[in-house]
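Enquirer: Test case, fold it:
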Amino acid sequence: VIQSESFLDANGRVDRQKLAFEYHWQLCSGLLLTSDIVDIYGTAKLNSAMEKVLNINSDIDDTTRIITSESKGVKALVIGLGGGGLLNFLSRFQPQMHTTVIELDQYVVEIAKAHFGFCENEKMSVCVGDGLSVCTASRAEKPSDTNATDQTMSFAPASISAIIIDVDSKDSTCGMSCPPASFVDVTYLQTLSSLLTEEGILAINVSA
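Expert: Prediction:
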């Protein structure tokens with residue numbers, strides 16, 4: 001069962017400028033807090049952009065997209081695709097950011113593309129695999145990045161500015177509906193920490 005929502009525009013197409021879930025706005029605003037992006041735009045511009053991002057009733061206009069479209073060297077990792085609404089928004093909001101998405105279920109990817117308007121492009125790619133298999137490539141290894149042919153997906157150390165985890169849990173006994181307990185395991189979080197830049201951001205959708 002896939003539970004997702006999206007806004008439709010006047011023509012009945014998925015509106016990529018709006019997010020259907022309030023927590024997605026908080027996850028997106030976290031991206032603006034990375035020092036990598038602050039260094040590019042400066043605090044004043046980011047404060048203006050942040051106000052628009054946090055205002056659920058406002059669209060991201062051309063000015064905001066211009067402000068955020070300069071992040072050419074910024075990389076993000078998103079674990080969990082769902083309907084792709086968050087990624088659709090990031091494609092509009094951060095069109096120059098290189099985003100890798102890891103999704104466990106190929107059928108989820110197909111449904112997101114067929115029914116929720118999600119699409120990959122040169123800056124947005126999807127790996128079908130287990131987000132728990134993410135690891136840090138050693139200096140002697142070539143990072144696989146979006147290559148999911150192996151059981152693990154490796155990324156260069158300190159190469160990612162933002163990591164977002166948005167994964168549902170099927171186990172209600174752990175006290176959280178998301179994420180599964182394994183995604184907040186100390187060892188796993190230490191692995192993610194090694195992938196982040198010095199002041200990179202880790203944002204997790206946690207719900208009891």
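Enquirer: Can you show me the strands along this protein?
Expert: Residue ranges of the strands in the chain, as given by DSSP state E, are 75-79, 98-103, 124-128, 134-136, 153-155, 160-165, 196-204.
Enquirer: for stretch 14-28, the distance to its chain's centre please.
Expert: Chain-centre distance of stretch 14-28: 12 Å, with C-alpha atoms, centre = their mean, to the nearest Å.
Enquirer: again, but for stretch 124-139
Expert: 13 Å.
Enquirer: One more: stretch 177-188?
Expert: Centre to centre, stretch against its chain (C-alpha atoms, centre = their mean), the figure for stretch 177-188 is 17 Å.
Enquirer: Distance of the spatially most central residue of the chain relative to residue 10?
Expert: Geometric centre of the chain, nearest residue: residue 78, 3.4 Å, by C-alpha atoms, centre = their mean. Distance, residue 78 to residue 10, by C-beta to C-beta, to the nearest Å: 29 Å. Yep, even glycine has a C-beta here, placed from its N, CA and C like the rest.
Enquirer: What of residue 21?
Expert: Separation of residue 21 from residue 10 (C-beta to C-beta) stands at 22 Å.
Enquirer: When those two are compared, which one has more neighbours?
Expert: Neighbours were counted for residue 21 and for residue 10 using other C-beta atoms under 10 Å; residue 21 has more, 18 against 6.
Enquirer: What part of this protein, helix or strand, is modelled with the least confidence?
Expert: Least confident helix or strand, the chain: helix 62-68 with a mean of 43, by mean pLDDT, DSSP states H and E.
Enquirer: picking up where we left off before, please identify which of the strands of the chain is closest to residue 88.
Expert: With C-beta to C-beta as the measure, strand 124-128 is the member of those nearest residue 88 (9.3 Å).
Enquirer: Quick one: residues in contact with the closest one.
Expert: Residues from elsewhere that reach strand 124-128, judged by C-beta atoms under 8 Å, 6 or more residues apart in numbering: 81, 87, 90-91, 99-106, 109, 120, 146-148, 153.
Enquirer: Please pick the buried ones from the residues you listed.
Expert: Among the contacts of strand 124-128, the ones that count as buried by 16 or more other C-beta atoms under 10 Å are 81, 87, 90-91, 99-104, 109, 120, 148, 153.
Enquirer: got a markdown table for the residues you listed, with pLDDT and distance to residue 177 too?
Expert: What follows is those, written out as a markdown table (pLDDT from 0 to 100; distance: C-beta to C-beta, whole Å):
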| residue | pLDDT | distance to residue 177 |
| --- | --- | --- |
| 81 | 94 | 18 |
| 87 | 91 | 21 |
| 90 | 84 | 23 |
| 91 | 84 | 27 |
| 99 | 92 | 25 |
| 100 | 94 | 25 |
| 101 | 96 | 21 |
| 102 | 96 | 20 |
| 103 | 95 | 19 |
| 104 | 94 | 17 |
| 109 | 95 | 22 |
| 120 | 94 | 28 |
| 148 | 44 | 27 |
| 153 | 86 | 25 |
